[in-house]
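**Q** This is a predicted model, with the sequence first.
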Amino acid sequence: MNVRVIAASAVVLALIVGAVLFVGTYFGFFFTNPSVTAGEPVEVPPAAVSTVASNLEAPWGVAFLPDGTALVTERDTARLLSIDPSGTVTEVQRIAEVVPGGEGGLLGIAVPPTYEQDPWVYIYFTAADDNRVARLRLGEPPQPIFTGIPKARNHNGGRIAFGPDGMLYVGTGDAGDRGRAQNLDFLGGKILRLTPDGQPAPDNPFPGSPVYSYGHRNVQGLAWDQSGQLFASEFGQNRYDELNRIEPGGNYGWPLVEGTGDDEQFHNPVATWSTSNASPSGIAILDDRVYLACLRGTKVYRIGTDGQGAESLLADEYGRIRDVVVAPDGSLWILTSNRDGRGSPAESDDRVLRLDPSQI
């Protein structure tokens with residue numbers, strides 16, 4: 001063969017290999033472990049689950065007031081609802097500043113531990129130009145306390161929760177700008193940690209920054225175990241969904257890693273699932289077991305905080321599951337999401353379910 005032809009062929013081959021490596025690295029193909037967490041099916045007795053409320057419109061988040069009343073957000077209607085322990089649903093208000101679209105709208109809600117002394121309620125919502133966190137007195141207009149979180153049709157994050165330290169934690173999505181999830185100056189693809197008035201927490205891992213962890217694709221669930229350890233659920237792209245143990249300043253790899261990798265600079269997940277079996281949204285932790293609400297997987301996964309003993313609950317019984325939280329009485333409240341444009345709603349959807357874990 002002609003030397004020039006050989007040389008040209010070598011150059012072409014090198015370019016092809018380089019392109020494949022680049023794409024593989026970018027999308028995580030060469031850093032992911034194909035193992036996924038299996039969930040042993042567990043039968044839930046009919047007496048263990050009941051309907052608290054029905055005929056809601058794509059409920060997204062739920063938080064409890066000290067008197068046991070639940071506050072529930074509806075993503076697309078921008079309604080803030082209250083549900084008392086008897087199941088009576090009341091519209092508290094509509095958040096006029098919300099601009100719904102795609103996965104954006106009125107999303108997360110959190111009640112601070114100081115509510116009885118100072119009755120603020122915190123919400124995360126999509127506005128005209130950004131996603132933002134605001135606080136409000138029930139029935140009054142929201143007061144933005146943290147703005148500029150990137151918005152897009154998809155990957156808006158949205159889960160907020162107060163931690164045991166009294167700080168407000170905020171899960172954001174990469175808003176489709178995946179590469180910048182690694183950029184500490186970009187608010188997308190992060191878990192943020194804020195004071196109750198919206199400032200970066202003073203002891204955050206990056207001084208002066210609200211960023212607590214980074215390298216996330218789309219954080220959808222936040223919860224703490226009994227020791228105060230934070231866990232988060234995360235949507236994968238098309239291979240692996242994740243349950244992560246969150247460490248201050250930790251880099252969770254996106255977009256260089258999807259699932260489990262072999263690069264020590266990135267934190268590996270506690271457990272992974274194929275995206276068709278999970279697509280986890282909200283999470284709750286009870287007795288050192290994590291409950292993951294699964295949208296595409298149409299179930300609730302239960303798994304130890306060590307990633308062991310995975311079980312599958314309510315599989316294919318109620319459709320898409322958006323959120324799961326621990327109620328004041330120790331039960332779990334579960335939100336379905338069958339009217340979000342991607343489900344097949346039953347006549348009574350969407351619903352708030354009550355699950356008694358002591359009966360499982």
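**A** That came through, no problem. Numbering: from 1, shown residues only.

**Q** Verify the stated contact: residue 337 with residue 318.
**A** No: contact criterion C-beta atoms under 8 Å: residue 337 and residue 318 do not qualify, at 9.9 Å. Bear in mind the C-beta positions are built from the backbone N, C-alpha and C, glycine included.

**Q** Pick out whichever of these two has more residues nearby.
**A** Set residue 337 next to residue 318 and count neighbours by other C-beta atoms under 10 Å: residue 337 wins out with 27 against 22.

**Q** who's in contact with the more buried one?
**A** The contact partners of residue 337, taken as C-beta atoms under 8 Å, 6 or more residues apart in numbering, are 58-60, 281, 295, 319-322, 343, 350.

**Q** Skipping adjacent residues, who's closest to it in space?
**A** residue 322 (3.6 Å; C-beta to C-beta, 6 or more residues apart in numbering).

**Q** I'd assumed residue 60 was in contact with that neighbour.
**A** Yes: taking C-beta under 8 Å as the definition, residue 322 is a contact partner of residue 60 at 6.0 Å.

**Q** Please enumerate the shared neighbours of those two.
**A** By C-beta under 8 Å, 6+ apart, the residues touching both residue 322 and residue 60 are 335, 337.

**Q** The two: who's more crowded?
**A** The neighbour count for residue 322 versus residue 60, taken as other C-beta under 10 Å, is higher for residue 60 (27 against 24).

**Q** Strands along the stretch 251-360 of the chain, start to end?
**A** 271-274, 280-286, 289-294, 299-304, 311-313, 321-326, 332-336, 352-355 (DSSP state E, counting those that start in this stretch).

**Q** Using JSON lines, lay out the ones you listed together with mean pLDDT.
**A** Shown next, in JSON lines, are those (pLDDT from 0 to 100):
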{"stretch": "strand 271-274", "mean pLDDT": "95"}
{"stretch": "strand 280-286", "mean pLDDT": "97"}
{"stretch": "strand 289-294", "mean pLDDT": "98"}
{"stretch": "strand 299-304", "mean pLDDT": "97"}
{"stretch": "strand 311-313", "mean pLDDT": "97"}
{"stretch": "strand 321-326", "mean pLDDT": "98"}
{"stretch": "strand 332-336", "mean pLDDT": "98"}
{"stretch": "strand 352-355", "mean pLDDT": "98"}
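
**Q** need those in JSON lines with distance to residue 133, can you?
**A** Below are the strands of the stretch 251-360 of the chain laid out as JSON lines (distance: least, C-beta to C-beta, whole Å):
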{"stretch": "strand 271-274", "distance to residue 133": "29"}
{"stretch": "strand 280-286", "distance to residue 133": "17"}
{"stretch": "strand 289-294", "distance to residue 133": "21"}
{"stretch": "strand 299-304", "distance to residue 133": "27"}
{"stretch": "strand 311-313", "distance to residue 133": "31"}
{"stretch": "strand 321-326", "distance to residue 133": "18"}
{"stretch": "strand 332-336", "distance to residue 133": "20"}
{"stretch": "strand 352-355", "distance to residue 133": "24"}
